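*Asks:* Next input, structure requested:
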Amino acid sequence: MKKRYTLSVLMVTTGLLVAACAPQNDDHGDMDHDDMDEHMEEEMDHDDMGHGEGEDEHGDHDMDSEDENGGSAHDASPPENMNEESTLGLQVENTKNVTRLSEDDPVIFSVMASQTIWPATHEENQPGTVILAPLDDWQVSLASLTLVHHPNDGPVLYYDGTISDEVIQEIERLQPKGNSEGTEVMVMGDMADDELDKLESYQTEHLDAEDPASFAALIDDHYAELVGSLPDSVIIGSSEEDAKLMTMVAGDWISHMDEPLLYVDSGSIPEATVEALEKRDHAVIYIVGSEEVVSSSVEEELESFGEVNRIDGENAVELSIAFASYHDDDTNFGWGITEPGHGLTFSSTSTPELAIPGSPLAHLGKHAPMIWLEDGEMTDPVYEYLAQMKPTFEDDPTEGPYNHGYVFGSTDAIAFSVQGIIDERMEIVSASGDGHGDH
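*Replies:* Numbering: from 1, shown residues only. Down below sits the predicted model:
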């Protein structure tokens with residue numbers, strides 16, 4: 001059986017199907033897909049969350065008119081009048097609805113993301129295991145995100161050939177507690193012995209493989225060993241360089257839940273991936289990316305291992321929105337974020353390395369999936385998605401729902417004007433159309 005989900009440029013608000021994530025910390029508890037069903041049923045009636053009028057079986061949306069749960073057609077368009085003096089004497093980088101992690105150097109950014117997500121002021125917000133991932137190997141770093149949530153509950157810090165002083169200092173600050181095996185630092189990829197020596201005061205584990213597909217399969221096996229089970233559902237992405245932006249869309253979900261990422265090539269399935277799929281009796285497979293990056297012939301081959309679903313988009317931006325919107329009712333896979341009351345992260349396609357260490361914001365805090373900004377700019381699909389998610393209130397804005405955004409990179413990567421637009425589009429307004437009304 002094969003399903004396909006494709007983003008349409010025109011959208012309207014539909015019901016929310018959102019998966020919850022819990023860190024390893026027992027205060028939050030472990031939450032699998034069954035637990036998530038119970039959690040969602042407490043918040044809303046699942047029977048009322050079906051596809052609304054104007055949406056076809058593939059999830060296409062129509063947003064020609066105002067929707068009671070989102071914005072109007074006006075909200076789906078760029079502002080008409082921009083203020084060219086908005087950065088004059090600017091002394092802030094955060095705005096009321098948007099937090100900026102203002103750094104373009106990926107190694108320093110990974111430290112900044114770690115400090116934002118894990119304050120480490122006391123035991124309850126210290127990480128279990130720190131993951132060190134190679135900056136020069138996005139396939140390895142991306143696949144490593146499978147271990148962010150379970151069983152490690154920890155950040156991804158980059159090393160660029162060597163482990164920088166800033167990263168060593170961050171590990172010292174975090175004082176990782178260790179995972180169920182006592183591992184405090186997990187090193188991914190090829191690292192020299194003299195660099196590993198810098199970690200001698202920590203209990204470490206080193207995982208490496210000869211190619212991306214083998215590494216992803218190794219992570220899949222390692223996860224199963226640590227938690228005692230093998231997830232039936234998997235994400236399939238291409239490890240080819242020209243598929244980088246599309247495949248990286250999966251990073252937030254694998255940081256958030258237990259489905260691993262396995263790799264294929266442009267026209268074939270590597271043996272390591274075949275072996276990983278064969279370990280499952282009947283896998284539920286989610287291809288992330290268009291047929292240009294994962295071919296139809298590969299899709300047909302994957303059908304021999306189970307049910308295949310493709311989450312598609314004409315480009316990386318549209319795919320990121322399609323992935324954030326997607327939800328499989330049968331397996332509870334996918335964010336299903338299609339209405340107000342959520343967090344989102346925004347990363348420029350020009351600085352994609354920032355997205356990986358930023359992915360744990362899908363694990364803790366606002367549990368936010370990532371939306372690509374084309375070269376740091378707003379495009380029509382992003383305007384339309386934010387309009388769909390426009391928060392509105394009936395009587396009292398203090399009761400929400402609220403949206404919140406995280407912007408990755410400096411104002412050179414994503415301009416302050418772009419941040420300002422996101423901030424305004426995330427602002428809660430009166431459902432009557434009177435802005436804040438009497439508030």
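*Asks:* how far away is residue 250 from residue 417?
*Replies:* Plainly put, residue 250 is 30 Å away from residue 417 if you go by CB to CB, to the nearest Å. In this view, the C-beta of every residue, glycine as well, is placed from N, C-alpha and C.
*Asks:* Comparing these two, which residue is more hemmed in?
*Replies:* residue 250 (27 against 17; other CB atoms under 10 Å).
*Asks:* give the contact list for the more buried one.
*Replies:* Applying CB atoms under 8 Å, 6 or more residues apart in numbering to residue 250 gives the contacts 142, 235, 237, 261, 288, 323.
*Asks:* Please apply the same query to residue 144.
*Replies:* For residue 144, the contacting residues are 131, 133, 156, 186, 188, 219, by CB under 8 Å, 6+ apart.
*Asks:* Try it again at 10 Å.
*Replies:* 131-134, 137, 152, 156, 186-189, 207, 215-216, 219, 251, 254-255, 261, 356, 359 (CB atoms under 10 Å, 6 or more residues apart in numbering).
*Asks:* and the gap between it and residue 261?
*Replies:* Counting by CB to CB, the gap from residue 144 to residue 261 is 10 Å.
*Asks:* hey, what's in contact with both of those two?
*Replies:* With CB under 10 Å, 6+ apart, residue 144 and residue 261 have common neighbours 216, 219, 251, 254.
*Asks:* want to try JSON lines for these, with pLDDT, neighbour count and distance to residue 85 as columns?
*Replies:* Conversion of the shared contacts of residue 144 and residue 261 to JSON lines gives the following (pLDDT from 0 to 100; neighbours: other CB atoms under 10 Å; distance: CB to CB, whole Å):
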{"residue": "216", "pLDDT": "98", "neighbour count": "30", "distance to residue 85": "49"}
{"residue": "219", "pLDDT": "97", "neighbour count": "24", "distance to residue 85": "49"}
{"residue": "251", "pLDDT": "98", "neighbour count": "31", "distance to residue 85": "37"}
{"residue": "254", "pLDDT": "97", "neighbour count": "27", "distance to residue 85": "43"}
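*Asks:* now, which of those lie within helices?
*Replies:* Using DSSP state H, the subset of the shared contacts of residue 144 and residue 261 located in helices is 216, 219, 251, 254.
*Asks:* Just the closest of those residues to residue 117, please.
*Replies:* residue 251 (14.3 Å; CB to CB).
*Asks:* picking up where we left off before, with distance to residue 245 as added columns, please give the ones in helices among the shared contacts of residue 144 and residue 261 in JSON lines.
*Replies:* Output for these, formatted as JSON lines (distance: CB to CB, whole Å):
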{"residue": "216", "distance to residue 245": "18"}
{"residue": "219", "distance to residue 245": "21"}
{"residue": "251", "distance to residue 245": "11"}
{"residue": "254", "distance to residue 245": "16"}
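*Asks:* In this protein, where is pLDDT below threshold?
*Replies:* 1-71, 434-439 (pLDDT under 70).
*Asks:* centroid residue for it?
*Replies:* residue 252 (2.1 Å; CA atoms, centre = their mean).
*Asks:* Excluding covalently adjacent residues, which one is nearest to that residue?
*Replies:* In space, residue 252 comes closest to residue 362 once its chain neighbours are excluded; the distance is 3.7 Å by CB to CB, 6 or more residues apart in numbering.
*Asks:* mind listing what that neighbour touches?
*Replies:* So residue 362 contacts 21, 145, 148-149, 251-257, 335, 343-345, 368-370 (CB under 10 Å, 6+ apart).
*Asks:* from those, which ones fall inside strands?
*Replies:* Applying DSSP state E to the contacts of residue 362, the entries found in strands are 343, 344, 345, 370.
*Asks:* from those residues, which single one is nearest residue 268?
*Replies:* residue 370 (28.2 Å).
*Asks:* Tell me which residues touch the nearest residue to the closest one once chain neighbours are set aside, please.
*Replies:* In this structure, residue 370 finds its nearest non-sequential neighbour in residue 345, 4.6 Å apart by CB to CB, 6+ apart. When contacts are counted by CB under 10 Å, 6+ apart, residue 345 touches 99, 101, 113, 252, 320, 354-355, 358-359, 361-362, 366, 368-371, 404-408.
*Asks:* now do 7 Å
*Replies:* 358, 361, 368, 370, 406, 408 (CB atoms under 7 Å, 6 or more residues apart in numbering).
*Asks:* now residue 342
*Replies:* Residue 342 neighbours (CB under 7 Å, 6+ apart): 389, 403.
*Asks:* ditto for residue 186
*Replies:* 129, 131, 147, 152, 205, 207.
*Asks:* And the contacts of residue 345, which two are furthest apart?
*Replies:* The span of the contacts of residue 345, defined through CB to CB, is set by 368 and 408 at 11.2 Å.
*Asks:* Could you check which of these two has the larger neighbour count?
*Replies:* residue 408 (29 against 26).
*Asks:* Can you give me the buried ones in the strand or helix carrying residue 387?
*Replies:* Using DSSP states H and E, residue 387 falls within helix 380-388. Buried residues in helix 380-388, counted by 16 or more other CB atoms under 10 Å: 381, 382, 383, 384, 385, 386, 387, 388.
*Asks:* pull the CA atoms of that helix into CSV?
*Replies:* As requested, the backbone C-alpha atoms of helix 380-388 are provided in CSV (Å, rounded to 0.1, in the frame of the first residue of the first chain):
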residue,chain,number,x,y,z
ASP,A,380,4.6,32.5,-0.4
PRO,A,381,4.3,29.0,1.2
VAL,A,382,5.7,30.3,4.5
TYR,A,383,3.3,33.3,4.5
GLU,A,384,0.4,30.9,3.8
TYR,A,385,1.4,28.4,6.5
LEU,A,386,1.8,31.2,9.1
ALA,A,387,-1.6,32.6,8.1
GLN,A,388,-3.1,29.1,8.6
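*Asks:* neighbouring strands for the next helix or strand after that helix, and are they parallel or not?
*Replies:* Sequence order places strand 392-393 as the next helix or strand after helix 380-388, per DSSP H and E. Here strand 392-393 is paired, per DSSP bridges, with strand 429-430 (parallel).
*Asks:* now the partner strand, how far from the chain's geometric center?
*Replies:* On the basis of CA atoms, centre = their mean, to the nearest Å, strand 429-430 sits 28 Å off its chain's mean C-alpha point.
*Asks:* Fine by me, thanks again.
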